[in-house]
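**Q** sequence unknown, structure follows:
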């Protein structure tokens, strides 16, 4: 199993994107939303008609210019791969995303989402892409088991609170090749993740990712 290093939300900022690829990551994560027919890249959510973006306890002005996917794709071109985390639940997102990526000639990338049907729709459009089905709780794991039984899932992103050797063993037994978790920001976090049987980490700590990359050399 190859070790996968993912830079958490690095694709949401073009400066961080460049730093992530300089650190040697396998993927830079970007959060993608379909908003008013545009594919925006941001972590913060909209607040209905109110021109504000929010996330937990933070607020940002929503009327300022927002980063769009085409800018991120151009910035990543020739430098590294993108890991697009799909958000929001808009039914038109998969089709809009496929259309834009194909227009820009992008196929070598990864997608992730807790909205599994997004990935189901993208699979035939991007047969070479890696699809990370996100499992964020034990309840969601239970809902995911019928999919595992079909042995058609090759990649899973699983929340750290759900990670255990038994759960990772279950995923491996079902034929899942790549298993990652997010929020891995210290050496101890990384050691615990790999000890459980994971082969990938999603971290905002670029120094840690560079250190892990150097360890592979």
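**A** That came through fine. These numbers come from a predicted model, not from an experiment. Numbers count the residues shown, from 1 in each chain.

**Q** helices or strands next to the top strand by length along the chain in the packing?
**A** Across the chain, the longest stretch assigned as strand under DSSP state E is strand 27-35. Here strand 27-35 touches strand 4-7, helix 14-22, strand 38-41, helix 69-76, strand 81-86, helix 93-103, going by 3 or more C-beta pairs under 8 Å, 6 or more residues apart in numbering; DSSP states H and E. From N, CA and C alone the C-beta is placed, and that goes for glycine too.

**Q** what is the residue nearest the centre of the chain paired to in the beta sheet?
**A** The centre of the chain sits closest to residue 85, judged by C-alpha atoms, centre = their mean, with a distance of 4.1 Å. Assessed by DSSP bridges, residue 85 has beta-bridge partners residue 31, residue 112.

**Q** tell me the confidence at it?
**A** pLDDT recorded at residue 85 is 98.

**Q** would you check that it makes contact with residue 31?
**A** Yes - in this structure, residue 85 is within contact of residue 31 by C-beta atoms under 8 Å, at 5.0 Å.

**Q** related to what we said a few turns ago, the residue nearest to the centre of the chain and residue 169: what is the separation?
**A** Relative to residue 169, residue 85 is positioned 26 Å away (C-beta to C-beta, to the nearest Å).

**Q** pLDDT below threshold where in this structure?
**A** The model of the chain has pLDDT under 70 over residues 43-64, 216-217.

**Q** let's go with 90 and repeat that
**A** Along the chain, the parts satisfying pLDDT under 90 run over 1-2, 36, 43-66, 215-217.

**Q** circling back to that earlier point, the longest strand of the chain vs helix 93-103, what angle?
**A** Between the axes of strand 27-35 and helix 93-103, defined by axes from the mean of the first three to the mean of the last three C-alpha atoms, to 10 degrees, the angle is 120 degrees.

**Q** direction-wise, compare strand 27-35 with strand 81-86 and give the angle.
**A** Going by the same axes, to 10 degrees, strand 27-35 makes 40 degrees with strand 81-86.

**Q** what angle do strand 27-35 and helix 69-76 make?
**A** 160 degrees.

**Q** what's the offset of strand 27-35 from the middle of its chain?
**A** Mean-position distance between strand 27-35 and its chain equals 8 Å (C-alpha atoms, centre = their mean, to the nearest Å).

**Q** and if you look at stretch 71-81?
**A** Worked out by C-alpha atoms, centre = their mean, stretch 71-81 lies 15 Å from the chain centre.

**Q** quick one: buried residues of it?
**A** Counting neighbours by 16 or more other C-beta atoms under 10 Å, one finds that the buried residues in stretch 71-81 are 72-73, 75-76, 80-81.

**Q** again with stretch 114-121
**A** Buried residues in stretch 114-121, defined by neighbour count with 16+ other C-beta under 10 Å: 114-116, 118-119, 121.

**Q** ok, the residues you listed vs residue 174, which is closest?
**A** residue 116 (14.8 Å; C-beta to C-beta).

**Q** distance-wise, check that closest one relative to residue 165.
**A** Distance, residue 116 to residue 165, using C-beta to C-beta: 24 Å.

**Q** and for stretch 14-26, what are the contacting residues?
**A** 4-7, 9-11, 28, 30, 67, 71-72, 75-76, 79-81, 206-207, 209-210, 213-214 (C-beta atoms under 8 Å, 6 or more residues apart in numbering).

**Q** make that stretch 194-211, sorry
**A** For stretch 194-211, contacts defined as C-beta under 8 Å, 6+ apart pick out 1-10, 16, 19-20, 23-25, 29, 83, 157-158, 163-165, 168-169, 172, 178-187, 189-190, 193, 212.
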